[in-house]
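J.: fold the following.
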Amino acid sequence: MNNKVKAKWGILGTAKIAREALIPGLRDSNSSKLAAIASRSKEKAKEFAEKFNVPKSYGSYEELLNDNQLEFVYIPLPNHLHTKWSIKSARAGKHVLCEKPLGTSTKEVKEAFEAAKQEGVKLMEGFMYRFHPQTRRVKELLNRGEIGEFRFFRGAHSFSLVTQDREDDIRWKEEMGGGSLMDLGTYSINTVRYLFAEEPMRVTARQTVHPDHTAEAETQAIFEFPGGKTATFDSSFLLDHRANYEIISKTGRIKAFNTYNPGLGRKTRIEIKKGDVIEEETINEENEYALEVDELVEAARENRDPLLGPEESINNARALEATRKSAEKRGWVEV
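T.: So this is what the prediction gives:
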C-alpha cells in the first residue's frame, strides 16, 4: 500500500484518545494520513490543527462530513454519540472507524451497520488490541493446541478513575454511556469471544455504583459458553491499573499482560505454562492503531468486511446488553 495514494482521514472531536493514540497511528500508517479535524468550537479545532499539523479544521462535525476530499472518519466522541455520528458519517459517504462501544445497545449497533450497508461504506468498531501482535500470538498458541483443551478465561481491566475524579468526566455519567463496563469490560467480553471462538450462552453479573455518580463504577461477571467453558471478568474505576487475562486448561495456561494499552515504547509479555514448565515471551512493540487504520482502508479498497465486521460487533453488543440486564435483575440472563 506504500505505492498507493494515501487515504484522507477526518476526526470528529479532539478527544484525548485521538491526540495520543489515533493521530500517531495515522502517522505510522502505510495507508493513511490525517487531513482534517472538527470540533464544536472553531477556535478549538484551529488550535488543535496547528498543534498537530492538520491541514484543515472545522467548527462543526457537519462541516467536516461535507468535505468531499475526505474518505474516512474516526469517531472518538462520548459513547452515547457513537451510533448517531457513525450513521451521519455513513450517510455522508464516509467509511467509519468508531471507538468502542459502537452503540449503547444492540439495536443501535444494528442501525449503524444498516446505514453503512445502505450507503455502501465500511464501518468498524475500534478494538485496536485485536491488531496487536500479542493478541495474534495468543490466538496462534491456542489454535495449535499449545496448552491443550482450554476451558476457563479470567480477565481484569481497571484503573483508579476515582483518584482523578472530575465532576465533568463523561465516564461517570450514565446518560452519556459511561461506566466501567462500557469503558473497560467491553474489552474482556470481546477478548474471550475471540479467543474461545464462540458466543456466550448466559451471564450473571453484579455492579457497584459510586455514590457521587450515576454510572456504575465496577462490574463483575460470569459467562457460560458451550462445551462447559466458563469466563469471568471484572471492570473497575475503583481499583489500581490492571489490563490482563489468562486462559486455562487441565495441564497449562497462557497469561497475557498489559493487553489493552501497551503503547509504543512498552513491550508486552506472555507467560506460557505447560505442566511444570513456564516459558515467557516478550512481544515487540507495534502500533496497533496504525494496523487498525490500515485494515479498514484495505477493507474499503477491496470491498470486503473489515476484520471486525457487523456480526462481531452485534454479538459483542448483545453480550454487553445481557451483562447489564443481569446486574439489574441480579440473576442469570440468556445472551
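J.: is it correct that Thr259 is in contact with Arg130?
T.: No: if you go by Cβ atoms under 8 Å, Thr259 and Arg130 don't touch, sitting 10.8 Å apart. Just so you know, the C-beta spots here come from the backbone N, C-alpha and C atoms, and that holds for glycine as well.
J.: who's more crowded, these two?
T.: Thr259 (25 against 21; other Cβ atoms under 10 Å).
J.: do you know how far the closest residue to that one other than its chain neighbours is from Val192?
T.: Sequence neighbours aside, Ala243 is the residue nearest to Thr259 in space, at 5.1 Å (criterion: Cβ to Cβ, 6 or more residues apart in numbering). From Ala243 across to Val192, the span is 14 Å (Cβ to Cβ, to the nearest Å).
J.: list of residues touching the lowest-mean-pLDDT helix or strand in the chain?
T.: Here the helix or strand of the chain ranked lowest by mean pLDDT, DSSP states H and E is helix 16-17, holding a mean of 91. Helix 16-17 is contacted by residues 76, 99 when judged by Cβ atoms under 8 Å, 6 or more residues apart in numbering.
J.: the same query, at a cut-off of 6 Å, please.
T.: Defining contact as Cβ atoms under 6 Å, 6 or more residues apart in numbering, one finds that helix 16-17 is touched by Pro76.
J.: and the next element down the chain from it?
T.: With elements assigned by DSSP states H and E, the helix or strand that comes after helix 16-17 is helix 23-28.
J.: how near is the residue most central in space within the chain to Arg202?
T.: Centroid-nearest residue in the chain, with Cα atoms, centre = their mean: Phe127, separated by 3.0 Å. Per Cβ to Cβ, Phe127 is found 23 Å from Arg202.
J.: next one: Phe159
T.: 29 Å.
J.: Ala231 contacts Phe152, correct?
T.: No: judged on Cβ atoms under 6 Å, Ala231 makes no contact with Phe152 at a distance of 7.2 Å.
J.: neighbour count: the two, which is higher?
T.: Ala231 (25 against 17).
J.: list the contacts for that one?
T.: 153, 192, 223.
J.: so which of the residues you listed is the most crowded?
T.: Phe223 (27 neighbours).
J.: and the average pLDDT for the strand or helix carrying that residue is what?
T.: Here Phe223 sits within strand 216-224, counting by DSSP H and E. Strand 216-224 shows an average pLDDT of 97 in the prediction.
J.: ok, that strand: who's next to it in the sheet?
T.: Strand pairing for strand 216-224, using DSSP bridges, gives strand 202-209 (antiparallel), strand 230-236 (antiparallel).
J.: got these as JSON lines, with mean pLDDT and distance to Ile254 columns?
T.: Converted to JSON lines, the strands paired with strand 216-224 look like this (pLDDT from 0 to 100; distance: least, Cβ to Cβ, whole Å):
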{"stretch": "strand 202-209", "mean pLDDT": "96", "distance to Ile254": "23"}
{"stretch": "strand 230-236", "mean pLDDT": "98", "distance to Ile254": "14"}
